[in-house]
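Trainee: model the structure of this input:
(one chain, ligands or ions: 3)
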Amino acid sequence: LAACLRAHRFVDVVPLDIDLANEPDAATIVEHVVQLARGCRPSEVDVAIGVFIWNDHLVKSVIRQLRARGFRGRIILGGPQISYADRGLELAFPEADIFVRGYGEGVLAQIATDPAADPPGVHVAGTPDCGGAAALDASSLASPWLTGEVPVRSDDGSARALHWETKRGCPFACGFCQHRGALANRRVFELPFDRLRAEISLFVDTRVPELSIIDPVFNVGSAYLLVLSDLRRQGFGGLLSLQCRGELIDETFLDAAEGLRVLPEVGVQTIHEPECRAVNRTNRLCLLERAFELLRARGITFMVTLIYGLPGQSLTTFVQSVRWCLDQRVPIVRAFPLMLLPGTALHTRREEWGLATEGHDSHKAGRESLGRASGGCSLPLVVESSTFSRDDWSQMERVSSVLQRTEGRHPSTIREVLALADLAVPGASQRRAPVLARRAA
Ligand code: B12
Ligand SMILES: C[S@@+](CC[C@H](N)C(=O)[O-])C[C@H]1O[C@@H](n2cnc3c(N)ncnc32)[C@H](O)[C@@H]1O
Ligand code: SF4
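Mentor: Ligands and ions are numbered 1, 2, ... in the order given. Have a look, this model is predicted:
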């Protein structure tokens, strides 16, 4: 966003990176903004904030205090918590003036340079909310790395591990995931290959040690094989983590990745058909088993991600999904607690499955390291449903933490995992279970 804004001569951009790990308080942030705005007329200053599930609370407090301190410039909000929110944004954020749903780059520049601009995706507080999302012109986005907006080196001069994107959007529509929603509406936008090639060259020159590719699914579309071969051609030596659709991992993909250090991350979520159906996801286990075989044959470490707390799931079926991963000798299995995100099909249909949430400290919501990065924010986790109890959920959580503790060296049998979790789960040793759904009356 900042790189795109800077392309406009008449806009002065002051990025404020606030590290939530330091548990910043709203008053300090507000003081900083007030100082920066000192001497400017209100009409000259906009404060634009990205709202995510982990900072929603802090943003509300910051904008409340900003107004209380007399700040009269415009407050512009965007990001997933805005993009996927229903009407009624003014109620949630009464101090904000403008809400942007969708990709923000083009729209933010328009709003900043023309106060009367009202492009699609923009909702001005107090006017009718027409919904819709801002469009993306992927061909003209400024690169944060090539423009220097995001430094590729740390302060001490060493190269940093980076997040990188080659495309946006996802063609799939999983019921728990926000990617199916307003931002892209299942459209995939590939970034121009010239830009990617120039970025790779910069990463190679600076010896970037790790690139986490944030594309929702890396191995779809027309360019990913070219991206891999260009990384190889230019001699990229760092680690590449990639979100992959398991069924689409084949010899062609692996040939293109040959010689690169790749860590494919494959979302499986569950092996059970009724649970897959509930989240609108098709998992073809025989194709996944074949893909894992190919990865193992090439000695590639890979990761599988599961979710616990899915509609229709039970403690037993979850444990069976874990067992299947162990049977497949998956080197890294991660199991995340289902998070109910606004705008997702599960959020809309939560009552059908009796999905009950609890605000959970992010330390419990997956990886410890992420928890620290989130500064202990509260995440809406599904802890009970018509097919599992609160106690079942706690047991699933224990299994998940055993997996976390044993990453890269998981026990080979589910019996050992359960023993480490101090659990006995009836039916867990069956390879695949009949559905054990206790449907709500
Ligand atoms: C990289 C990443 C991470 C990294 C780095 C996170 C970080 N703080 O930078 C790591 C691995 C640490 C991480 C962790 C987590 N993440 Co994460 N992560 C991502 C990922 C893959 C990419 C983010 C990104 O850069 N996207 C690319 C940019 C272009 O998209 P964008 O951020 O949405 O921004 C666009 C618009 O939203 C809008 N916009 C954004 N801000 C603003 C501001 C204004 C003013 C305007 C006008 C517009 C605007 O314009 C932008 C450009 O078009 C996204 C999924 C995805 N592909 O987007 C998830 C995602 C952001 N993560 C998510 C979650 C839930 C988490 C965790 C809570 C998971 C957990 N259980 O712990 C943690 C929390 C960590 C934390 N507090 O930082 C959710 C957030 C959902 C939400 N409603 O907020 C996402 C969307 C994935 C998902 N669908 O579930 N994550
Ligand atoms: C960054 S996501 C990308 C998934 C990838 N696109 C796929 O479908 O395989 C990585 C993993 O996070 C987990 N995840 C995504 N959304 C989640 C949610 N709402 N609640 C819990 N875990 C979630 C899933 O296990 C998913 O596979
Ligand atoms: S979970 Fe993965 S495949 Fe499914 S919609 Fe989200 S990003 Fe796409």
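
Trainee: for ligand 1, what are the nearby residues on this structure?
Mentor: Residues of the chain found near ligand 1 (Cβ under 6 Å from any ligand atom) are 1, 20, 48-50, 52-54, 76-81, 83, 100, 103-105, 108, 163, 165, 177-179, 214, 216, 339, 341, 362, 365-366, 370, 373-374, 379. Any C-beta I mention is one placed from the backbone N, CA and C, and that applies to glycine too.

Trainee: which of the three states applies to the closest residue to ligand 2 within the stretch 1-150 of the chain?
Mentor: Residue of the stretch 1-150 of the chain nearest ligand 2, by Cβ to the nearest ligand atom: residue 53 (9.7 Å). Using DSSP: H, G, I helix; E, B strand; the rest coil, the structure places residue 53 in coil.

Trainee: for residue 5, same thing?
Mentor: Relying on three-state DSSP, one would call residue 5 helix.

Trainee: ok, which stretches of the stretch 201-350 of the chain are helices?
Mentor: 224-233, 251-257, 273-278, 285-297, 315-327, 345-348 (DSSP state H, counting those that start in this stretch).

Trainee: what does the last one contact?
Mentor: If you take Cβ atoms under 8 Å, 6 or more residues apart in numbering as the criterion, helix 345-348 is touched by 173, 175-176, 180, 279-280, 311, 338, 340-341, 353, 355.

Trainee: lowest pLDDT pick from these?
Mentor: Among the contacts of helix 345-348, residue 180 carries the lowest pLDDT, at 64.

Trainee: ok, residue 337 touching residue 400?
Mentor: Yes: if you go by Cβ atoms under 8 Å, residue 337 and residue 400 touch, sitting 7.2 Å apart.

Trainee: comparing the two, which residue is more hemmed in?
Mentor: residue 400 (23 against 20; other Cβ atoms under 10 Å).

Trainee: which helices and strands does the helix or strand where residue 111 lies pack with?
Mentor: Taking DSSP states H and E as the criterion, residue 111 maps to helix 105-113. Contacts defined by 3 or more Cβ pairs under 8 Å, 6 or more residues apart in numbering; DSSP states H and E place helix 105-113 against helix 2-6, strand 46-50, strand 74-78, strand 98-100.

Trainee: centre of the chain to the first one, how far?
Mentor: Its chain's C-alpha centre lies 22 Å from the corresponding centre of helix 2-6 when counted by Cα atoms, centre = their mean, to the nearest Å.

Trainee: how far does the next helix or strand after it sit from the chain's center?
Mentor: Using DSSP H and E, the helix or strand that follows helix 2-6 in sequence is helix 26-37. Remark: helix 26-37 is offset 29 Å from the chain centroid, using Cα atoms, centre = their mean.

Trainee: please apply the same query to stretch 400-411.
Mentor: 22 Å.

Trainee: can you report phi and psi for the closest residue to residue 138 other than its chain neighbours?
Mentor: In space, and not counting its chain neighbours, residue 138 is closest to residue 189: 3.9 Å by Cβ to Cβ, 6 or more residues apart in numbering. The phi/psi pair for residue 189 (degrees, to the nearest 10) reads phi -110, psi 120.

Trainee: and for residue 189, the neighbour number?
Mentor: For residue 189, using other Cβ under 10 Å, the count is 17.

Trainee: ok so, going back, just the buried ones from the residues of the chain next to ligand 1?
Mentor: 1, 20, 48-49, 52-54, 76-81, 83, 100, 103-105, 108, 165, 177-179, 214, 216, 339, 341, 362, 365-366, 374, 379 (16 or more other Cβ atoms under 10 Å).
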